[in-house]
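>>> sequence and computational prediction follow.
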Amino acid sequence: MRRYLRLAATAAVFGLAVTACGSSGGDAAPAADGGGLGTAQNPVAIRVLANDAFAKQWQDQLVPEFNKKYPNIKVTVDGVPYNDQLAKSMLELTGPTATYDVVLGDDPWMPQLAKTGGLADLKTDLAKFTDAGYDWDDINPAALAAGEWDGHQYGVPVRSNLLLMFYNRSLYKKAKVDEPTAETTWEQYFKDAAKLVQDTDGDGKTDSWAVGTYFTKDPLTPTIWQTVLNSDGGKLLDENLKVQFDNETGVKALQTQIDMLKYAPPGAATYQFNEPLEAFRQGKVATMFMWGSVYKGTAIDTATTTLKEDEVGITTMPAGSTGPGAHRGIWTAGVAKKSTHQAAAWTFLQWTTSKEGEQWIGANLGTFPARNSTLTGTPPTPWLKPVYAAISAGYDAVAKGQMWRPRLPESDAVQQILALQTSRAVSGQATAQEAIHQAAADISALLKSKGYQQ
């Protein structure tokens, strides 16, 4: 009897472990009809786990628009700070039941989220709830790929984004420098940068500089030099996940980011997201390497910027030996496998990423689209025309140069290593060569410890 009890206890513990890893459907198996879309008498309620940078905007603006078409699906959007979101999402997807029906993830997180087994395959598991008019082939492959992992489509692009180059036309004109284009190289950019550090009011003091971007330790800071690396044909990892940047191309890319500080405002070495954005909007820097989603707040929204629409240009980042640069930053959203309201959850995501939804979102929220038909069609508002052109060119560059963060479950850990070593080089604690070599060694050790062959 004691032996039997020990075996039973072992089996019970093993069973709990399997459930915790997301390998099974959990305690709350979805209804056969996916929970339905609700009725006026019995509406369906779903919850969305999103980032707090845009969760309120979704709740206050996006959800009411969605409810005009689907009034019986009640949507609650909860925002989580970026630095906490991945951990919270992992806990959610490995739990015994689904608190959230929809989970959002940043571009490099999808492999890690998918590995939990807690996300439904949108193309297969939820095919029966997919509208006949939902055109998968219309979604740009570079954007759609952010939601793929191991041959499955776990997410769709709900908030597409690219790292692009903003420039202040007025400051370029004052410096008598030609505006940048997709053909502008890094060599030409630095020649222009020297002229863009200028005295704009004639008092003999420099009051405007050339560049603002990420410099201090932040998970997104390495995406700047990584874009340079990719535009010169380099990679962080090869197809076998072996380090490929511990070389002259990698050192040159990091040195490019370090050299930007020569033409940046005093104190720019501490810049993360907000500082370069504020400097550009105040007309203190002529160029900004930043995520394109800030365009509306930078060129259109008078509550957040001093600039006018015709002052702000946008294009791809300067070109390397293989072409212009960009970097993919797609927020994707998936449906929890344990959700009892999969039909409603997937309906919400379908509408958000539909042609109709993208048009409304672009006009009202300024979020970038992922559908080719949206990018090549008539923009819902005139100010989006140059933006859509830059996004299209950026998607092409991203696809050509595979300009995204590593696609593996350990991506977040890799970015933390790159962030540390990048900040050491930018702050002068290490040379570009020393930082690159240390980052390569640390990443190789990390991946080896996870079972990858190095």
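Good, I have the coordinates.
>>> so who does Gly329 touch?
Asp106, Asp107, Asn161, Leu162, Leu163, Thr223, Trp291 (CB atoms under 8 Å, 6 or more residues apart in numbering). All C-beta atoms are positioned from the backbone trio N, CA, C, and that covers glycine.
>>> can I get those residues in JSON lines with distance to Arg281, neighbour count and pLDDT?
Output for the contacts of Gly329, formatted as JSON lines (distance: CB to CB, whole Å; neighbours: other CB atoms under 10 Å; pLDDT from 0 to 100):
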{"residue": "Asp106", "distance to Arg281": "24", "neighbour count": "24", "pLDDT": "95"}
{"residue": "Asp107", "distance to Arg281": "25", "neighbour count": "24", "pLDDT": "94"}
{"residue": "Asn161", "distance to Arg281": "18", "neighbour count": "23", "pLDDT": "93"}
{"residue": "Leu162", "distance to Arg281": "19", "neighbour count": "26", "pLDDT": "96"}
{"residue": "Leu163", "distance to Arg281": "18", "neighbour count": "25", "pLDDT": "97"}
{"residue": "Thr223", "distance to Arg281": "21", "neighbour count": "28", "pLDDT": "97"}
{"residue": "Trp291", "distance to Arg281": "14", "neighbour count": "18", "pLDDT": "95"}
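>>> just those: which are in helices?
Counted as lying in helices by DSSP state H, out of those, are Thr223.
>>> could you dump the contacts of Gly329 to CSV with distance to Ser423?
CSV is the format used below for the contacts of Gly329 (distance: CB to CB, whole Å):
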residue, distance to Ser423
Asp106, 20
Asp107, 21
Asn161, 23
Leu162, 23
Leu163, 18
Thr223, 13
Trp291, 19
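>>> out of the contacts of Gly329, which sit inside strands?
Counting by DSSP state E, the contacts of Gly329 place Leu162, Leu163, Trp291 in strands.
>>> which one of those is nearest Val228?
Nearest to Val228 among the ones in strands among the contacts of Gly329, counting by CB to CB, is Leu163 at 10.9 Å.
>>> tell me the contacts of Phe348?
Phe348 sits next to Ile46, Val48, Phe66, Tyr70, Ile73, Val75, Val102 when contact means CB under 8 Å, 6+ apart.
>>> and stretch 265-285, how far from the chain's centre?
Averaging C-alpha positions (CA atoms, centre = their mean, to the nearest Å) puts stretch 265-285 21 Å from its chain's average.
>>> pLDDT of that stretch, averaged?
Across stretch 265-285, pLDDT averages out at 97.
>>> so for that stretch, what gets flagged as buried?
In terms of neighbour count (16 or more other CB atoms under 10 Å), stretch 265-285 has its buried residues at 265, 268, 271-273, 275-277, 279-281, 283-285.
>>> also stretch 149-165?
Those would be 149, 152-165, for stretch 149-165 by 16+ other CB under 10 Å.
>>> closest to Thr376 out of those?
Nearest to Thr376 among the buried residues of stretch 149-165 is Ser160, at 14.7 Å by CB to CB.
>>> re earlier: ok, the ones in strands among the contacts of Gly329 vs Thr378, which is closest?
Of all those, Thr378 sits closest to Leu162, with 21.1 Å by CB to CB.
>>> now name the helix or strand holding the residue nearest to Arg281 when sequence neighbours are not counted.
In space, and not counting its chain neighbours, Arg281 is closest to Thr305: 4.1 Å by CB to CB, 6 or more residues apart in numbering. If you go by DSSP states H and E, Thr305 is not part of any helix or strand.
>>> surely Thr305 is in contact with Gly297?
Yes. At 6.4 Å, Thr305 and Gly297 qualify as touching, with contact defined as CB atoms under 8 Å.
>>> which of the two has more neighbours?
Legend: neighbour count by other CB atoms under 10 Å for Thr305 and Gly297, higher for Thr305 (22 against 14).
>>> quick one, what contacts the more buried one?
Shown in contact with Thr305 (CB under 8 Å, 6+ apart): Arg281, Gly297, Thr298, Ala299.
>>> among these, which lie within strands?
Among these, no member falls in strands (DSSP E).
>>> just put these in a markdown table and tack on distance to Ser208.
Shown next, in a markdown table, are the contacts of Thr305 (distance: CB to CB, whole Å):
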| residue | distance to Ser208 |
| --- | --- |
| Arg281 | 13 |
| Gly297 | 21 |
| Thr298 | 16 |
| Ala299 | 18 |
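>>> give me the element the closest residue to Asn168 other than its chain neighbours is part of.
Nearest non-adjacent residue to Asn168, counting by CB to CB, 6+ apart: Ala286, 4.9 Å away. Assigned by DSSP H and E, Ala286 belongs to strand 285-291.
>>> other SSEs contacting that strand?
Packing contacts for strand 285-291, counted by 3 or more CB pairs under 8 Å, 6 or more residues apart in numbering; DSSP states H and E, involve strand 162-168, helix 186-196, strand 209-212, helix 274-281.
>>> again, only using 7 Å
Counting by 3 or more CB pairs under 7 Å, 6 or more residues apart in numbering; DSSP states H and E, the packing neighbours recorded for strand 285-291 are strand 162-168, strand 209-212, helix 274-281.
>>> out of the buried residues of stretch 149-165, which comes closest to Phe368?
When the buried residues of stretch 149-165 are ranked by distance to Phe368 (CB to CB), Ser160 comes first, at 4.2 Å.
>>> which strand residues bridge the closest one?
Phe368 (DSSP bridges).
>>> does it touch Thr332 like I think?
No. Look at Ser160 against Thr332 with CB atoms under 7 Å: they stay out of range, at 9.3 Å.
>>> pretty sure Asp238 is touching Gln244, no?
Yes. Asp238 lies in contact with Gln244 (CB under 7 Å); the separation is 5.0 Å.
>>> who has more neighbours, those two?
Shown here are Asp238 and Gln244; by other CB under 10 Å, Gln244 has more neighbours (17 against 9).
>>> so for the more buried one, what's the pLDDT?
pLDDT recorded at Gln244 is 97.
>>> can you report phi and psi for it?
Note on Gln244: backbone dihedrals following degrees, to the nearest 10 are phi -130, psi 10.
>>> and Gly35, by the same measure?
Backbone torsions for Gly35, taken as degrees, to the nearest 10, come to phi 90, psi -10.
>>> give me the neighbour count for it.
For Gly35, the count of nearby residues is 21 (other CB under 10 Å).
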